[in-house]
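In: With the sequence up front, the predicted model follows.
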Amino acid sequence: MSGITTHVLDTARGMPAEGVEVTLSARDGENWRELARARTDADGRARPQPEGVPPGTYRLRFETGAWAATRGAEAFHPWVDVTFEVLDTGRHYHVPLLLSPFGYTTYRGS
């Protein structure tokens, strides 16, 4: 299955991060074109573009500040942008985000 998915984990609580708004955009010249929006489910997963992504540069924006505010918490990063390249349209692109109040980590998942 080709496509783009994500999984957000709240490492401070050791739980999935439910309710994080995620926006998928594609690079279009010097601009970004929004393709889809999603919100993480109870397991912290979102599928903003589950199928059919052409080669190109993509960005997932995670609205971490708004998510933290709904929990009465602080967030050093008001949002997190993860930019990546899709080269092989036959592959699945899974982009997890490990989130804490003052930092984050991401990687190419499977």
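Out: Thanks, I have it. Numbers count the residues shown, from 1 in each chain.
In: and the lowest-mean-pLDDT helix or strand in the chain, what other elements does it pack with?
Out: Lowest by mean pLDDT, DSSP states H and E among the helices and strands of the chain is strand 45-49, with a mean of 88. Packing partners of strand 45-49 (3 or more Cβ pairs under 8 Å, 6 or more residues apart in numbering; DSSP states H and E): strand 3-10, strand 21-28, strand 31-39. C-betas here are computed from N, CA, C, even on glycine.
In: okay, the first one in CSV with CA atoms only?
Out: Coordinates of the C-alpha atoms in strand 3-10 are reproduced here as CSV (Å, rounded to 0.1, in the frame of the first residue of the first chain):
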residue,chain,number,x,y,z
GLY,A,3,0.5,6.5,0.9
ILE,A,4,1.4,8.7,3.9
THR,A,5,0.4,8.0,7.5
THR,A,6,1.6,9.1,10.9
HIS,A,7,1.6,8.1,14.5
VAL,A,8,2.0,10.6,17.3
LEU,A,9,3.2,9.4,20.8
ASP,A,10,3.2,11.6,23.9
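In: on that earlier part again, let's have the helices and strands packed on strand 45-49 in TSV, adding distance to Thr70 and mean pLDDT.
Out: Below are the helices and strands packed on strand 45-49 laid out as TSV (distance: least, Cβ to Cβ, whole Å; pLDDT from 0 to 100):
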stretch	distance to Thr70	mean pLDDT
strand 3-10	12	95
strand 21-28	10	96
strand 31-39	11	95
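In: Tell me which strands the least confident helix or strand of the chain pairs with, and in which orientation.
Out: Sheet pairing of strand 45-49 (DSSP bridges) gives strand 3-10 (antiparallel).
In: quick one: low-confidence ranges for this protein?
Out: Filtered on pLDDT under 70, the chain yields the residue ranges 1-2, 50.
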